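Colleague: Structure for the following, please:
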Amino acid sequence: MRTLDYTIIKQAQEFTARWGFLTRDLFFKFFCEKQRSQKFEYWNRLAETGLFVKSKSNSEVLFLSRKSKNLFAGESRPSRFHVFIDHDAIVADVLLTLEQLDLVREYWLEDELMRDPPLAYRVLGADKVYRIPDLVFDLKTPTGGQVRCVLEIEKTLKTSARYERMALAYGDYDHINLVLFGCESSYTESIIKRSFSASLGGGQRVVPGTFCTRTF
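Modeller: You can find the predicted model right below:
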């Protein structure tokens, strides 16, 4: 049996502590740069370390064990409820892809901003927060600056009125420069763009960008 590379385990552990879950696909793609047979070996042995436990709902999802959570002195995120994991895995895939390209300076999760309102005010640039996105991140620019971006993953289509309210909220956040929507269909993309345009009569400060999540 091969000796484990504990750098891989540590990185997986740190991700799981912050995000509240780890999927096999994310582990294979971003944390375990090995041959396919070794990827499976590492995945199967993660739980054997005592630092992870398997989800009862999905064998391809791991959470931190109590032992592992103790190592983070209460700073780890609670294990994510299984109905949110497919959605959050797309958010993570986008973020980790950008990090691999060295394009991200810093990021904040929805849960982190919800638990710390003063942090949310500072990050978003607002006295009142009406909408907290799935993810906020600072995208590096070629000139050494940064663009503060919001990421929303739309697995289900909302009403135009809800998108218009989102547009108004993001338009009031002084620190947000770009709003990105990951959509499952071109129809959802068109509804979002039309709703943002309608919300402020076509003169909105924040223009949404959209992309298809089927590529992730």
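
Colleague: model confidence over the lengthiest helix in the chain, on average?
Modeller: Assignment by DSSP state H gives helix 82-100 as the longest helix of the chain. Average pLDDT, helix 82-100: 97.

Colleague: Buried residues, it. List them.
Modeller: 85, 87-96, 98 (16 or more other C-beta atoms under 10 Å). (Glycine included, C-beta is placed from N, CA and C.)

Colleague: Stretch 189-201 too?
Modeller: 189, 191-193, 195-197, 199.

Colleague: and what of stretch 153-173?
Modeller: Buried residues in stretch 153-173 (16+ other C-beta under 10 Å): 153-154, 163-173.

Colleague: Which other helices and strands does the biggest strand by length in the chain contact?
Modeller: Of all the segments of type strand in the chain, defined by DSSP state E, the longest one is strand 146-154. Using 3 or more C-beta pairs under 8 Å, 6 or more residues apart in numbering; DSSP states H and E, the elements in contact with strand 146-154 are helix 82-100, strand 135-140, strand 178-183.

Colleague: can you list the ones you listed in a markdown table and add distance to Phe63?
Modeller: Shown next, in a markdown table, are these (distance: least, C-beta to C-beta, whole Å):
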| stretch | distance to Phe63 |
| --- | --- |
| helix 82-100 | 10 |
| strand 135-140 | 20 |
| strand 178-183 | 24 |
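
Colleague: between the ones you listed, which gets nearest to Leu71?
Modeller: Leu71 sits nearest to helix 82-100 of all the helices and strands packed on strand 146-154, at 21.2 Å, using C-beta to C-beta.

Colleague: mind listing what's buried in whichever helix or strand comes after the closest one?
Modeller: Counting by DSSP states H and E, the next helix or strand C-terminal to helix 82-100 is strand 104-109. Across strand 104-109, burial judged by 16+ other C-beta under 10 Å covers 104, 107-109.

Colleague: Same list (those) but as a markdown table, adding pLDDT and distance to Gly74.
Modeller: Below are the buried residues of strand 104-109 laid out as a markdown table (pLDDT from 0 to 100; distance: C-beta to C-beta, whole Å):
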| residue | pLDDT | distance to Gly74 |
| --- | --- | --- |
| Val104 | 98 | 26 |
| Tyr107 | 98 | 21 |
| Trp108 | 98 | 19 |
| Leu109 | 98 | 17 |
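
Colleague: For the residue nearest to the spatial centre of the chain, give me its contacts.
Modeller: Nearest residue to the geometric centre of the chain (C-alpha atoms, centre = their mean): Val91, 3.4 Å. Neighbouring residues of Val91 by C-beta atoms under 8 Å, 6 or more residues apart in numbering: 134-135, 151, 153.

Colleague: Most widely separated two among these?
Modeller: Most distant of those, by C-beta to C-beta, are Leu135 and Ile153, 8.5 Å apart.

Colleague: Show me the common contact partners of these two, please.
Modeller: With C-beta under 8 Å, 6+ apart as the test, Leu135 and Ile153 both reach 91, 94.
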